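Student: Any chance you can model this:
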Amino acid sequence: MQVQVHYQGLDNSPWMDQFINSRLSKLNRYLNNAAAIQIHLKLENKHYITSLAIHNMNQDYAFTGEGQNLYESFSVAMEKAGRSLGEHKRKIKDKINKRYFSLKTSEVA
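Tutor: Numbering: from 1, shown residues only. The predicted structure follows:
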């Protein structure tokens, strides 16, 4: 997974990089190794805005989060990403499972 972090109005710090990487590790189950993630962290008028752009296997996603601090805005964007990517993965699994039927049910008939 390739990650790019852009700061606007903020300074980069090691603890912020560690926080971002720990939170992004939760998305590994939804993304493949070739996925690219761009994170834009912005401070405007004492209000934090986080934008996530995720490019994964012919799918592009964009999520934003706002909050009073950087943690809150990033967490909101990550929750939206987790819900959306999880839903997409569930739909793919359901589609695959509809193609196949159980051998147990065919033996009974």
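Student: Please name the nearest non-neighbouring residue to Leu10.
Tutor: Leu43 (5.2 Å; CB to CB, 6 or more residues apart in numbering). Placement of C-beta: from N, CA and C, glycine included.
Student: What is the helix or strand encompassing the one you found packed up against?
Tutor: Using DSSP states H and E, Leu43 falls within strand 36-44. For strand 36-44, the elements it packs on are strand 2-8, helix 14-24, strand 47-56, helix 70-99, judged by 3 or more CB pairs under 8 Å, 6 or more residues apart in numbering; DSSP states H and E.
Student: Next up, the contacts around the residue nearest to the spatial centre of the chain.
Tutor: Closest residue to the average C-alpha location of the chain: Ala81 at 3.8 Å, with CA atoms, centre = their mean. If a contact means CB atoms under 8 Å, 6 or more residues apart in numbering, then Ala81 has 27, 52, 54, 61, 63 as its contacts.
Student: count of residues packed around the nearest residue to Asp17 once chain neighbours are set aside?
Tutor: Among residues not flanking Asp17 along the chain, Val5 sits closest, at 7.2 Å (CB to CB, 6+ apart). Neighbour count for Val5, taken as other CB atoms under 10 Å: 15.
Student: Kindly confirm whether my reading is correct that Val5 touches Ser51.
Tutor: No - counting by CB atoms under 8 Å, Val5 stays clear of Ser51, with 11.1 Å between them.
Student: Give the residues shared as contacts by those two.
Tutor: Here Val5 and Ser51 have Ile39 as joint contacts, going by CB under 8 Å, 6+ apart.
Student: how about Asp11, phi and psi?
Tutor: Dihedral pair for Asp11: phi -100, psi 140, per degrees, to the nearest 10.
Student: what do you get for Glu66?
Tutor: phi -130, psi 150.
Student: For beta bridges, what are the partners of it?
Tutor: For Glu66, the beta-bridge partners are Ile49 (DSSP bridges).
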